[in-house]
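In: From the sequence below, what's the structure:
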Amino acid sequence: MTQLAEPAPSARLPFHRIISFSCLAVPATPILLLIGVYLPRFYAGHVGVTLGAVGAAFGLVRLIDIAFDPLVGLVMDRTRTPIGRYRPYVIAAAPILMIAIYKLFLPAKGVGLSYMVLWLVVLYAGNSMYILGQAAWGAVLATDYHERSRTYGWMQALGVAATAAFLMLPALTHGKIQPGRHDSMGAIGLLLVVTIPSALAATLLFTPEKITPQAGRPQFRLGDYVSAISRPDMRRLIFADLTLSFGTGLTGPIYLFFFHDAKGFGIPATSSLLFFYIAAGLFGSPAWAALAKRVGKPRTVQVACIAYAICQSVLMMLPRAQYLPTAAAMFAVGLCASAFVPIVRAMVADVGDEIRLETAKNINSVLYSMVTTTQKVALAMAVFIVLPVLGMAGYNAAENAVNTPQAIFALEMCYLFAPIFFVAIGALTMIGFRLTGERHAEVRAALDARDAAAIDIAASEEAITGPTAAPSAV
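Out: Residues are numbered from 1 along each chain as shown. As a prediction, this is how the structure comes out:
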């Protein structure tokens, strides 16, 4: 294998800046896991909403949320503020997330389906602003092909570390707080609420958003976005994100059901097994970034897909209630799955550079909204399909329920084999991806030269006419 070119020294970000920026993932990653894995069981098993209704509600809310991402992306790409283009949206999202999490994790007695739907809508609206702002901000923070893999890898790693800390709560609190137990959900919600402003402050204090000069106010047309989505590389990324998210997303809503009822583990052991899956990302994220530096990002995604299929198959073959082998298998599956999000997001940023070079327009927010939208479509489909399918198979999600062998078999098929099929399709979409590291280096060199020329022109005009308004974020 040939090692790809090293980034120029000027393009390499200081490590402290990468870490401070990655703090944004500290609340974001646990929120997605705790909402996707524990909240359906909490509302179906304790609050009293039926399993089919919970699945339909999550699916409906995520479908509503799908329309929100392109709208937020469009507004972001038109934003001009003295503190940047993306920072204001991350800041505004924080209180929205805090209120929604409090309401969902600490519901009053007697609430029902409409209450859950309302606060899920609020939660996902705030999450769209937060995630899109974070992703697009990262694209202007790290401009080099390999630095993007490094930055998004560390972002993933810090998010994984925070999630692992939540899963370690039973050990840290001597069993007083256990994810998955209904009387612990309030405490977990409060911890999430406190984490959001703390992480945001760490990022805002130490990570500026790069603001570059731009001639005039950008004029974006619908045709710009149609042109972007029609690019072969962007289409591949969108479809890859859809299939990879759907494949891995199928396991989230039924994780507790599978390991409790099919694999024979109690709730504490089930939560601790999830720790191994999540903690693997601490090792996987930098490892996949290093592999991408050697063989390129598309090939790295394909390697991860093949490894995921192998490890998921091994997990299926393990006997019931064998903790150590199952923990090892979960670590291996998590190691493989940790490649998908950071590598694909870094590839989207690379495509955004190519578009900016050709059109002189920065539409990173809309590009990211495309892949976050496909991710939401995938997760909506996963919840909307898998929970009703289990209900039709006779699976009973109530606490202490006894299920038939047929219902357990349906649970096993949904958890193990369906993800392998869709992840394999994701690997196939990477065939023929054109934007290599060498090509991106050419794109970045041209962009840097043009930006430098724009700065010189702006400086000359200012010397003649006097200071002008603050430049916009690009």
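
In: how about the residue nearest the centre of the chain, what does it touch?
Out: For the chain, V341 is the residue whose C-alpha lies nearest the centre (CA atoms, centre = their mean; 6.0 Å). Contacts for V341 (CB atoms under 8 Å, 6 or more residues apart in numbering) come out as Y152, Q156. Where you see a C-beta, it was placed from the backbone N, CA and C, and this is true even at glycine.

In: what does the one 10 residues further on give?
Out: Contact partners of V351, counting by CB under 8 Å, 6+ apart, are A228, R231, D233, M234, L237, L367, L435.

In: now, among those residues, which is nearest to L335?
Out: L237 (22.3 Å; CB to CB).

In: pLDDT below threshold where in the stretch 1-150 of the chain?
Out: Low-confidence segments of the stretch 1-150 of the chain, defined by pLDDT under 70: 1-11.

In: In it, mark out all the helices, start to finish.
Out: Secondary structure of the stretch 1-150 of the chain (DSSP state H, counting those that start in this stretch): helices at 15-22, 25-33, 39-42, 51-66, 68-76, 87-105, 113-141, 145-167.

In: next one: the second one to chain centre, how far?
Out: If you compare the mean C-alpha spot of helix 25-33 with that of the full chain, they lie 9 Å apart, counting by CA atoms, centre = their mean, to the nearest Å.

In: Need the phi and psi values for the nearest residue to T436 once chain neighbours are set aside.
Out: Nearest non-adjacent residue to T436, counting by CB to CB, 6 or more residues apart in numbering: G296, 6.1 Å away. Here the main-chain torsion angles of G296 (degrees, to the nearest 10) amount to phi 90, psi 160.

In: Run a quick neighbour tally on G296.
Out: When neighbours are defined as other CB atoms under 10 Å, G296 has 23 of them.

In: Where does the prediction get shaky in the stretch 251-400 of the chain?
Out: 399.

In: for it, what spans make up the helices?
Out: Under DSSP H, counting those that start in this stretch, the stretch 251-400 of the chain gives helices at 255-257, 267-295, 297-317, 323-337, 340-359, 364-392.

In: out of the ones you listed, nearest to A187?
Out: Closest to A187 of the helices of the stretch 251-400 of the chain is helix 267-295 (CB to CB; 14.0 Å).

In: which helices and strands does that closest one pack with?
Out: Here helix 267-295 touches helix 145-167, helix 169-172, helix 255-257, helix 297-317, helix 323-337, helix 340-359, going by 3 or more CB pairs under 8 Å, 6 or more residues apart in numbering; DSSP states H and E.

In: now the angle from that helix to helix 145-167?
Out: 170 degrees (axes from the mean of the first three to the mean of the last three CA atoms, to 10 degrees).

In: how far does helix 267-295 sit from the chain's center?
Out: Centre-to-centre, helix 267-295 and its host chain are 14 Å apart (CA atoms, centre = their mean).

In: by how many degrees do that helix and helix 297-317 diverge?
Out: Helix 267-295 and helix 297-317 are oriented at 150 degrees to each other (the same axes, to 10 degrees).

In: show me the contacts for L324.
Out: Contacts of L324 (CB under 8 Å, 6+ apart): none.

In: For F331, see how far away Y43 is.
Out: Per CB to CB, to the nearest Å, Y43 is found 29 Å from F331.

In: Of these two, which one has the most company?
Out: Between Y43 and F331, Y43 has the larger neighbour count (other CB under 10 Å), namely 27 against 19.

In: Which residue is the nearest non-sequential neighbour of that one?
Out: Nearest one to Y43, counting by CB to CB, 6+ apart, is V49 at 4.7 Å.

In: neighbours of the one you found, just the number please.
Out: As a burial measure, V49 scores 21 neighbours (other CB under 10 Å).

In: Check R62 too.
Out: R62 has 22 nearby residues by other CB under 10 Å.

In: Relative to V121, how far out is it?
Out: Between R62 and V121 the computed distance is 10 Å (CB to CB).

In: same question, R181
Out: Note on R181: its distance to V121, by CB to CB, is 26 Å.

In: Cool, thanks, signing off.
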